[in-house]
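Visitor: Got a predicted structure plus its sequence, pasted below:
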Amino acid sequence: MADHFEVAIIGAGPAGLAAAANAAQHKLSHVLIERREIGNTIYDYQLRKFVMAEPGKLPLRGQIPFQAGTREQILDAWNKAVAACAINVRRAEVAAIKKIGEHFEISSKEVICTAKHVILAIGVQGSPRKLGVPGEAAPVVAYTLSDPDQFQGKDIIVVGAGDAAIENALGLSDGNNVSIVNRGDDFPRAKDANSAKIMDAIRAQKVRMYANSEVARLEPGIVVLNTPQGEESVACDHLIARLGCILPRKFLESCGIQFPSADAAAVPIVTARYESNVPGLYILGALIGYPLIKQAINQGYEVIEHILGHAVEPADQVLVDEKLAVLPGSSAQKLQTIRSALPLWSDLSEAQFRELIIESTVRVLKDGEIVFQRNDYTDTFFSIVEGEVQIEVPHLADGIKLQTGSYFGEMGLMSGRRRTATVRACGRCTLIESPRKQVLKLVNSVASVKREIDKAFLLRALETSVFPEVSRSVLQAVVSRAQYRHFKKGEALFKQGEIGDVLYFIRKGSVKVSRRHPTGQEVTQTYLPAGSIVGEMALLSEEPQPRSASVAAVVPCEVVAIQKSDFLEILKSNQAARHRLTALARSRELENASMPVDPQLGSVLDFMMAQGVTDADNFLLIDSDRCVGCDNCESACAATHGGYSRLDRKGGKSFASIQIPVSCRHCENPLCMLDCPPDALTRMPNGEVVIRDCCIGCGNCVRNCPYGVIRMVYQDETSSGFSLFSLFRKIKSDEHHGPAKAGKCDLCSSLSGGPACVRACPTGAAMRVNPSRMLAILAEKR
Amino acid sequence: MENFLGYKNRRWMWINLALVVLLAILYLFDHPIGGRSGNSWLGWIYGFLAAAGILYLMYFGVRKRSYYSTSGTVQGWLAAHVWLGVALAIIVPLHCAFSFGINVHTLAYVLMLVVILSGVYGAVCYVGLAPALRVHRGGGTFKEILNTLRQVEREVLATASAGGEGVKQLLAVADFPFEPDVWSCRRGKLVPEPNRAREAEILAKLSEQEQKAGLQLLAHLAKKRQLAIQLQADVAAVSRLQLWLYVHLPVSFALLAALATHILVVFLYR
């Protein structure tokens, strides 16, 4: 007769451990069944991998400890907790869970035990997607890699194009002959930083990539690949397949669990107590769409409380209460009111919505109070819970009014640039201000949010910059027919002389406008950032009109295309808009005809674009005609920034006598901020991009910055200014305190008097300028 | 654009000029009993001003390294430093009423003149040589150009060792060692003039195939010569920008010592 328990917990991941620990605490008879290791997913991580503790603000409940740290630290803490809580662990692989009467029977080949309640917490990492080719059962095939250092001098093939595959391939590339087999030709699913690293390794021939290829079959000692050139045999000592994980749907269904749809991404529906459609069978963690460790630990704790009949609030309740404290009423009511007021978020799950509220701030504004001003550097997103705001727009005295349920701030969200308009409250209003990162996360995970915001983005751009006179309903119809297109770096949107039939709105990236010099050479005339509209001039007349200039993408661009017929329809509907735009077109035509194409300006602009300073707001420039190479700028920077200079005077490119040294440009669209796990990179209200102390030293920003201005530095004590002693002391000491963190120019935002490098330059060669000032300096020198 | 000497519309030049003119006029109108000397009232005032000025000038070394300081910019301080230094060359003779001799007092003045003249030379270099640096380097850094040169040298050797005896002979005539040191760069003698006649003579004797290799060798060497000239000029310019400091700084400390002695002597033996 098999043992009988009150609760059987399957899977010793974070959720399972937390549930078992809480059951043990309450002296509930329990068993924790695990087929391999405690914390298996983390056990399979590469050695010393750093594990994040997201979401940062969520409190942790129960007996299982967890904080951000290395794989080893976390596993050690969990194993100690298992012993300390006296958790009853049993090693077995569960093959079936059957409900017999009031009890569940849990079995592998034979019955393991019976239990009144079953908690399924097996996650998805235990079910890697298999190769599915002949020979895949060979012992050389693995689906995980924990210690790349075990392998030396081997022929290793890594299959996959995600982060895990890339990390494995890179980890193995020292000392082994590594090939990566990729179904595509790049790595769109991977983090940008990983994608850049693997591409670098491939270029440096440290890793060989088989692009557009798949594994056909395995034979002893070799793997046969299907490549675009046909079958190719590759020597192989080990094959590591990192093809992602799949929900073990068949197993769940065999337990009687139902799924809401046949969609591959669908997860089982559970009640607020995590109970599935099978009474007494609970499901936790990644299986129901909560992939984060902290969430899983909290769920594990809560589910035992539910089973015991204790009332538990969700773990994040304190945080929600805190956020909503400014509003009257009970917490549940307030949440409900906000949710029903904001249709944009209607498709969010309960947990997603709560997380959004926790990360956001509730703001109650008085009549006329300014939410933000045009050209502010803030990048948060606002939803109107109650009341009305006014967006100030040129050409429109009353501006654009937005009511309850509407939202704004989406321009900054998409392009990461300054605010394009001032917004103020009309009467008392209540707003939810959400951080950019949180909203982007939702845009990327909830389809309806993306669709909705994309539309609004285009509509507002048309409303504010092209057609302020036209009614919203006409524009809405056009927007719904607009198409989204991508352009690669350097690709032409259109060329001078072509017949114009499309209007482009630049959603992301920037473009350059060039015209042909009489000699036939293309000369850059200007560049346009995201949020601009190009190509409208050739659309103003019913007759086919040629393009008056060429437009090409400077960086990868996302644009929205509007057809000429739609454009003309808008003009037909509104005479005022038609007159204004025709007049504008005339004056531009005149300007184009009379203004000579200036090749010199063109080459300056090309240089500035290549250096990324057209996008920059405040960059360091050195006038080579005045620089005597004394390096006092670097000394000043090092002395005021922990002993390491954040600028490289000798580095960087020059144009005529202007040098742009390697130093942060504080870009309008900072790529460094794209993938910062702890969100340490922040734009300050004055525009400077700084790295906060919460930097974990992952190095993503170092790889993402196209201008090489971020370095990993050790934080030394900052010298306290001049002393005679410092004359005789080397600035860089070799003793390091703590881990390396990302360091870059912070514009000396904490020093009064401005950047130390500029103040320390004895000849006035170092300056901080914006693009127009740089053009003015060059003009002065000419 | 103005250089640092003209900082803020030549503010410091005008201030120091006004100071010197004012002191000179006072000097001309001053007729103390016993004649003009450092021991008159005005002499004392001038002496005090000059000593304070020297201390202020020496403080520049501290200010330049006070990276947290918010008192002006180093550029402004340098402009003030240069113009006050020049002014002192005139204020000190006014202080001693142009009486010089072979003594510690005149020694202090001579040392001061050495410091001032080296400083003026430095200022002229700062203004004049910065653009030259850029021109010599053609946008690259010294290290980059030197690396390119070393690469070219490897190509030279590779070409020569692949060729026959004649090519090696050509190498012996046309190649030159390039180990830049400050003095030979400043003399400008590091890169010898090519001996075209001898090269042509050797080339003419070579077989057709060897001639090809020989011409290639000469092409590499021409490139090496061009880079070497660039680097030689660069080293010379950089040394001009830096070497004067090796006079300016130590002598300024010697001046300080002489000044202290001068003051001590004056007070003790007055």
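Guide: Looks like it arrived, so ask away.

Visitor: what's the spacing between residue A:702 and residue A:693?
Guide: 17 Å (Cβ to Cβ, to the nearest Å). C-beta: built from backbone N, CA, C; applies to glycine.

Visitor: Next up, the contacts around residue 131.
Guide: I'll assume chain A. Listed by Cβ atoms under 8 Å, 6 or more residues apart in numbering or on different chains, the contact set of residue A:131 reads A:141, A:159, A:215, A:241, A:243.

Visitor: not quite, I wanted chain B
Guide: The neighbours of residue B:131, taking Cβ under 8 Å, 6+ apart as the test, are A:624-625, A:657.

Visitor: Please give the element, helix or strand, for it.
Guide: Following DSSP states H and E, one finds residue B:131 within helix B:104-137.

Visitor: Equivalent analysis for residue A:432, please.
Guide: Assigned by DSSP H and E, residue A:432 belongs to strand A:423-434.

Visitor: picking that back up, when residue A:702 and residue A:693 are compared, which one has more neighbours?
Guide: More crowded of residue A:702 and residue A:693, by other Cβ atoms under 10 Å in any protein chain shown: residue A:702, with 18 against 8.

Visitor: Residue numbers of the stretch 501-650 of chain A in contact with chain B?
Guide: Contact residues of the stretch 501-650 of chain A with respect to chain B, defined by Cβ under 8 Å from any Cβ of the partner chain, are listed as A:623-630, A:632, A:635-636, A:639-640, A:650.

Visitor: show me what contacts residue 104?
Guide: Using chain A. With contacts defined as Cβ under 8 Å, 6+ apart, the neighbours of residue A:104 are A:8, A:97-98, A:114-118, A:280-281.

Visitor: wrong one, I was asking about chain B
Guide: Residues in contact with residue B:104 (Cβ under 8 Å, 6+ apart) are B:258, B:261-262, B:265.

Visitor: got a winner among the residues you listed for most neighbours?
Guide: The most neighbours of any of these, using other Cβ under 10 Å, belong to residue B:262, which has 22 neighbours.

Visitor: Just to check, it is in contact with residue B:110?
Guide: No. The criterion here is Cβ atoms under 8 Å, and residue B:262 misses it with residue B:110 at 11.7 Å.

Visitor: Please enumerate the strands of the stretch 201-350 of chain A.
Guide: Taking DSSP state E, counting those that start in this stretch as the criterion, the stretch 201-350 of chain A carries its strands at A:207-210, A:214-219, A:222-227, A:230-235, A:238-241, A:281-283.

Visitor: quick one, which of these is packed in tightest?
Guide: Burial of these is given as mean neighbour count (mean count of other Cβ atoms under 10 Å in any protein chain shown); strand A:281-283 ranks first at a mean of 25.

Visitor: helices or strands next to it in the packing?
Guide: Where contact means 3 or more Cβ pairs under 8 Å, 6 or more residues apart in numbering or on different chains; DSSP states H and E, strand A:281-283 is packed against strand A:111-120, helix A:293-307.

Visitor: what sits against residue A:475?
Guide: Under the criterion of Cβ under 8 Å, 6+ apart, the contact list for residue A:475 reads A:459, A:462-463, A:467, A:570.

Visitor: buried sites along the host helix or strand of residue A:578?
Guide: Here residue A:578 sits within helix A:575-594, counting by DSSP H and E. Buried residues in helix A:575-594, counting neighbours by 16 or more other Cβ atoms under 10 Å in any protein chain shown, are found at A:577-578, A:580-581, A:585.

Visitor: what would those residues look like in TSV with distance to residue A:330?
Guide: Conversion of those to TSV gives the following (distance: Cβ to Cβ, whole Å):
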residue	distance to residue A:330
A:577	49
A:578	54
A:580	52
A:581	53
A:585	58
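
Visitor: Tell me which two of the residues you listed sit farthest apart.
Guide: Across the buried residues of helix A:575-594, the two members that end up farthest from each other (Cβ to Cβ) are A:577 and A:585, 12.2 Å apart.

Visitor: pLDDT (mean, whole number) over the biggest helix by length in chain B?
Guide: When every helix of chain B is counted residue by residue (DSSP state H), the longest turns out to be helix B:208-268. Mean pLDDT, taken over the full extent of helix B:208-268, equals 91.

Visitor: now swap in stretch A:598-613 and tell me
Guide: Model confidence over stretch A:598-613 averages 84 on the pLDDT scale.

Visitor: Give me the phi and psi for residue A:487.
Guide: Listed backbone geometry of residue A:487 is phi -120, psi 140, with angles given as degrees, to the nearest 10.

Visitor: residue contacts, it?
Guide: The contact partners of residue A:487, taken as Cβ under 8 Å, 6+ apart, are A:493, A:509, A:552-553, A:556-557, A:559.

Visitor: ok, now residue A:321?
Guide: With the criterion set at Cβ under 8 Å, 6+ apart, residue A:321 makes contact with residue A:331.

Visitor: what about 10 Å?
Guide: When the contact criterion is Cβ atoms under 10 Å, 6 or more residues apart in numbering or on different chains, the partners of residue A:321 are A:313, A:330-331, A:334-335.

Visitor: what comes up buried for the helix or strand just after the helix holding residue A:578?
Guide: Past helix A:575-594, heading to the C-terminal end, the next element that is a helix or strand (DSSP H and E) is helix A:599-610. Within helix A:599-610, the residues that qualify as buried by neighbour count (16+ other Cβ under 10 Å) are A:601-602, A:604-609.

Visitor: for the residues you listed, which one is nearest residue A:455?
Guide: Distances from these to residue A:455 were compared by Cβ to Cβ; the smallest belongs to residue A:609, at 30.4 Å.

Visitor: hmm, back to that, dump the contacts of residue A:475 to a markdown table, plus pLDDT, neighbour count and secondary structure.
Guide: Formatted as a markdown table, the contacts of residue A:475 follow (pLDDT from 0 to 100; neighbours: other Cβ atoms under 10 Å in any protein chain shown; DSSP: H, G, I helix; E, B strand; the rest coil):
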| residue | pLDDT | neighbour count | secondary structure |
| --- | --- | --- | --- |
| A:459 | 85 | 18 | helix |
| A:462 | 82 | 25 | helix |
| A:463 | 80 | 20 | helix |
| A:467 | 82 | 25 | coil |
| A:570 | 86 | 22 | helix |
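
Visitor: gap between stretch A:153-170 and the chain center?
Guide: 23 Å (Cα atoms, centre = their mean, to the nearest Å).
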